[in-house]
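Chemist: missing the sequence, but the structure's below:
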């Protein structure tokens, strides 16, 4: 491998193929504005097949590393390989999917390359004069939007999953595949085993409709009124942090918020949730937000498309009934 | 709460450090302390939420990193940890020394007893400035950071904020129709 002369090109990497397609869509836009090419990096076993797919979803170039030891994501070999590739080919920008694996990879990679990294960027654009990427990200519990640039190269960013829409697949697109064979050292951390997490029913992160409740629900025994509404609109039940963390009425994976699950349903219905910024940050990608709360001054009303001031014990069953009526009229 | 001694990196020169400059400071402090078996660190801060300081410090110290730990045990001089990922738990093993970031679920902090609080005042506490750990001002704070904040603003939502009036039944019916109308709910 000969080292590139200057920093050029936008790279995308995610160990999760669905997220990689989302990154390509944003990457296409940024590479267009920067006047450069868009490349994807694939590590693993079926790298060649995956590369065709990535070209169809927008990549001009795909760097593949075909090696059985890279079959499953592990931070040490993955960051070693990506560091070596970035030093050789010198991308200007690297977009990484903000999965838990992507986050630990991006940070380690950035430190080894002695460059900056902005995680979970909600907005990315190009400064036309400086020819660098400018991003927005939420800080201080979601209260403040910070606008940043990176002073070194490559500029590394992580993008939340489920926010950027992938491009339509175009099988007629053509691109170049570059096979890379870096040396792969053994990981100092050995994986002994993996076990899937158990989720009760559909997960909130996958749901199209979520009926969520907070401290406004007085007793655990009252949960059926929420469940009934969720069932009526083919949704799932979610909750605020205190319900899962302090009261433990629902599993930790069902609470929505900055430190819990970040969700992107078509409908998010918040019942008896006051709307702490911690919670709001978790629902910012919902298409429609509805709230029901007795306190008309609760912050949630500021962050909702529709609000009803009232007692959830009356409104929620009435809503269930209203949806049932609409359904029976069809 | 349990520590036998404390080290504090302090001074205005540390202000406005990004994840890189923070990691560089921590690594320099840890090197000065010298010997250790394991470094435990939270997976992320609640203010920046960047998930970077742990892995970056591990990289500078050239240590194996185990992130998102929810359970840690020592077996035959090695660390065995359970990691919480999106869809799975992963059990990993590493030699010591190692760098671990932990998730909230790992435990509940204990409440210190009055005796412990009184004993704490007699435990050794060392404060170091940047110069004490061998860092130049250019390696810290805004100058030592690799990211540059341009501006910050209060985050605003872009929601319609329509308040639906009426008695519960009436309000519920209006809301249900509106939601079906804009395709947020599909009734079958």
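Modeler: Thanks, I have the structure now. Note that the structure is a prediction, hence the values are computed from the model and not measured. Numbers count the residues shown, from 1 in each chain, chains lettered A, B, ... in the order given.
Chemist: which non-adjacent residue is nearest the residue most central in space within chain B?
Modeler: Residue closest to the mean C-alpha point of chain B, counted by C-alpha atoms, centre = their mean, is residue B:44 at 2.0 Å. Of all residues not flanking residue B:44 in the chain, residue B:51 sits nearest, at 4.5 Å (C-beta to C-beta, 6 or more residues apart in numbering or on different chains). (Glycine included, C-beta is placed from N, CA and C.)
Chemist: please look at that neighbour and residue A:104 and confirm they touch.
Modeler: Yes. The pair residue B:51 / residue A:104 is scored as a contact, 7.1 Å apart, by C-beta atoms under 8 Å.
Chemist: strands of the stretch 1-150 of chain A, start to end?
Modeler: A:10-13, A:38-44, A:61-66, A:93-97, A:117-118, A:123-127, A:132-139, A:144-150 (DSSP state E, counting those that start in this stretch).
Chemist: in the last one, what's buried?
Modeler: Same thing as strand A:144-150. A:145-150 (16 or more other C-beta atoms under 10 Å in any protein chain shown).
Chemist: so among those residues, where is pLDDT lowest?
Modeler: Lowest pLDDT of the buried residues of strand A:144-150: residue A:145, 89.
Chemist: so how far is residue A:139 from it?
Modeler: Distance, residue A:145 to residue A:139, by C-beta to C-beta, to the nearest Å: 8 Å.
Chemist: got any residues that touch both of these two?
Modeler: Common neighbours of residue A:145 and residue A:139, using C-beta atoms under 8 Å, 6 or more residues apart in numbering or on different chains, are residue B:152.
Chemist: partner strands of the strand ranked longest in chain B, with direction?
Modeler: Criterion DSSP state E: the longest strand present in chain B is strand B:65-75. Strand pairing for strand B:65-75, using DSSP bridges, gives strand B:78-84 (antiparallel), strand B:98-102 (parallel).
Chemist: what's that strand in contact with?
Modeler: Taking C-beta under 8 Å, 6+ apart as the rule, strand B:65-75 contacts A:75-76, A:100, A:104, A:108, A:189, B:43, B:54-55, B:58-59, B:79-85, B:89, B:92-94, B:96, B:98-103, B:105-106.
Chemist: which among those residues end up buried?
Modeler: Using 16+ other C-beta under 10 Å, the buried ones in the contacts of strand B:65-75 are A:75-76, A:100, A:104, A:108, A:189, B:43, B:54-55, B:58-59, B:79-85, B:89, B:92-94, B:98-103, B:106.
Chemist: just how off-centre is the worst-scoring helix or strand of chain B on mean pLDDT within its chain?
Modeler: Within chain B, no helix or strand scores below helix B:114-120, which has a mean of 90 by mean pLDDT, DSSP states H and E. Centroid separation for helix B:114-120 versus its chain: 27 Å, with C-alpha atoms, centre = their mean, to the nearest Å.
Chemist: which residue ranges make up the domains of the chain?
Modeler: In the absence of a named chain, this looks at chain A. A:10-179, A:209-328 (automatic domain parsing).
Chemist: that answer is for a different chain, and I need it for chain B
Modeler: Split by automatic domain parsing, chain B gives B:6-144, B:159-188.
Chemist: circling back to that earlier point, filter the buried residues of strand A:144-150 down to the ones near chain B?
Modeler: A:145-150 (C-beta under 8 Å from any C-beta of the partner chain).
Chemist: most neighbours per residue, which of the strands of the stretch 1-150 of chain A?
Modeler: strand A:117-118 (a mean of 30; mean count of other C-beta atoms under 10 Å in any protein chain shown).
Chemist: around chain B, which positions in the stretch 151-300 of chain A sit nearby?
Modeler: Neighbours of chain B within the stretch 151-300 of chain A, by C-beta under 8 Å from any C-beta: A:151-152, A:187-197, A:209, A:233-234, A:252, A:258-259, A:266-267, A:280, A:284, A:287-290.
Chemist: and with 6 Å instead?
Modeler: Applying C-beta under 6 Å from any C-beta of the partner chain, we find that the stretch 151-300 of chain A lies next to chain B at A:151-152, A:188-197, A:233, A:266-267, A:288.
Chemist: out of these, list just those in helices.
Modeler: Cross-referencing those against helices under DSSP state H gives no overlap.
Chemist: whichever of the residues you listed end up buried, select them in ChimeraX.
Modeler: This is how ChimeraX selects the buried members of these, with burial counted by 16+ other C-beta under 10 Å:
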select /A:152,189,233,266,267,288
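Chemist: closest to residue B:36 out of the residues of the stretch 151-300 of chain A next to chain B?
Modeler: Of all those, residue A:188 has the smallest distance to residue B:36: 16.3 Å, by C-beta to C-beta.
Chemist: could you find the closest non-adjacent residue to the closest one?
Modeler: residue B:64 (3.9 Å).
Chemist: count of neighbours near residue 141?
Modeler: Using chain A here. 18 (other C-beta atoms under 10 Å in any protein chain shown).
Chemist: nope, chain B
Modeler: By the criterion of other C-beta under 10 Å, residue B:141 has 19 neighbours.
Chemist: sweet, I'm off.
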